[in-house]
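1. please find the sequence and the predicted model below.
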Amino acid sequence: MASGEMSPAEFEQFLRTVFGNMAGVSVNGAVHFICMDWRHLAEVMGAAQGVYSGLKNLCVWNKNNGGMGSFYRSKHELVFVYKVGTDPHVNTVSLERTEGTGPTSGTTPASIRGARAATPISKCTPP
């Protein structure tokens, strides 16, 4: 959304429609990862009310480079983790498989830009 295209209330309603559409085609117990800039934290939280059964976590994707800006340049992205419905979600993260280093609520992935040419993208940690 470009700055000034929608009022906060209009943007929240837009997000509520999008989230409802996503939840409507998801299985009961699905988990949605929603990335959003901190400036729209209130709109995401408001739009998710009544669509999702709960907020599982709020993760921070700590990027390698700061974004555009003149005051504080954001070097992170918020990742809202919401659950669809009431069925249990499937936990496919095995601490044994990851040698006890499972995901945390803050992650600093390897930079695609800074990765060596020989580093396969699949080796980079997703947000």
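-> Structure's in. What do you need? Numbers count the residues shown, from 1 in each chain.
2. ok, then the element right after the longest helix anywhere in the chain?
-> Looking across the chain with DSSP state H, the single longest helix is helix 8-24. For helix 8-24, the following helix or strand on the C-terminal side (DSSP states H and E) is strand 31-36.
3. what's that following strand packed up against?
-> helix 8-24, helix 41-48, strand 54-62, strand 76-83 (3 or more Cβ pairs under 8 Å, 6 or more residues apart in numbering; DSSP states H and E). C-beta: built from backbone N, CA, C; applies to glycine.
4. orientation of that strand relative to strand 54-62 in degrees?
-> If you take axes from the mean of the first three to the mean of the last three Cα atoms, to 10 degrees, strand 31-36 sits at 50 degrees to strand 54-62.
5. run a quick neighbour tally on Met6.
-> Number of residues near Met6 (other Cβ atoms under 10 Å) recorded here: 15.
6. how about it: what's its closest non-neighbour residue?
-> In this structure, Met6 finds its nearest non-sequential neighbour in Phe14, 6.4 Å apart by Cβ to Cβ, 6 or more residues apart in numbering.
7. re the thing from before, now do the longest helix of the chain against helix 41-48, angle only.
-> 50 degrees.
8. buried residues in helix 8-24?
-> Buried residues in helix 8-24, counted by 16 or more other Cβ atoms under 10 Å: 11-12, 15-16, 19, 22-23.
9. tell me the mean pLDDT over that helix?
-> Here helix 8-24 scores 96 as its mean pLDDT.
10. and for stretch 48-65?
-> pLDDT averaged over stretch 48-65 gives 91.
11. send me it as PDB with only the CA atoms.
-> The C-alpha trace of stretch 48-65 is given here as PDB (Å, rounded to 0.1, in the frame of the first residue of the first chain):
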ATOM      1  CA  ALA A  48      -7.200 -10.600  12.600                       C
ATOM      2  CA  GLN A  49      -9.800 -10.400  15.400                       C
ATOM      3  CA  GLY A  50     -12.700 -12.700  14.600                       C
ATOM      4  CA  VAL A  51     -10.900 -14.300  11.500                       C
ATOM      5  CA  TYR A  52      -8.200 -16.300  13.400                       C
ATOM      6  CA  SER A  53      -8.600 -18.300  16.500                       C
ATOM      7  CA  GLY A  54      -5.500 -16.900  18.000                       C
ATOM      8  CA  LEU A  55      -2.100 -15.300  17.700                       C
ATOM      9  CA  LYS A  56       0.500 -18.100  18.100                       C
ATOM     10  CA  ASN A  57       3.500 -15.700  18.200                       C
ATOM     11  CA  LEU A  58       5.000 -12.500  16.900                       C
ATOM     12  CA  CYS A  59       8.300 -13.200  15.300                       C
ATOM     13  CA  VAL A  60      11.000 -10.700  14.200                       C
ATOM     14  CA  TRP A  61      12.800 -11.200  10.900                       C
ATOM     15  CA  ASN A  62      16.100  -9.400  11.500                       C
ATOM     16  CA  LYS A  63      17.300  -8.500   8.000                       C
ATOM     17  CA  ASN A  64      20.900  -7.900   7.000                       C
ATOM     18  CA  ASN A  65      20.400  -4.400   5.700                       C
END
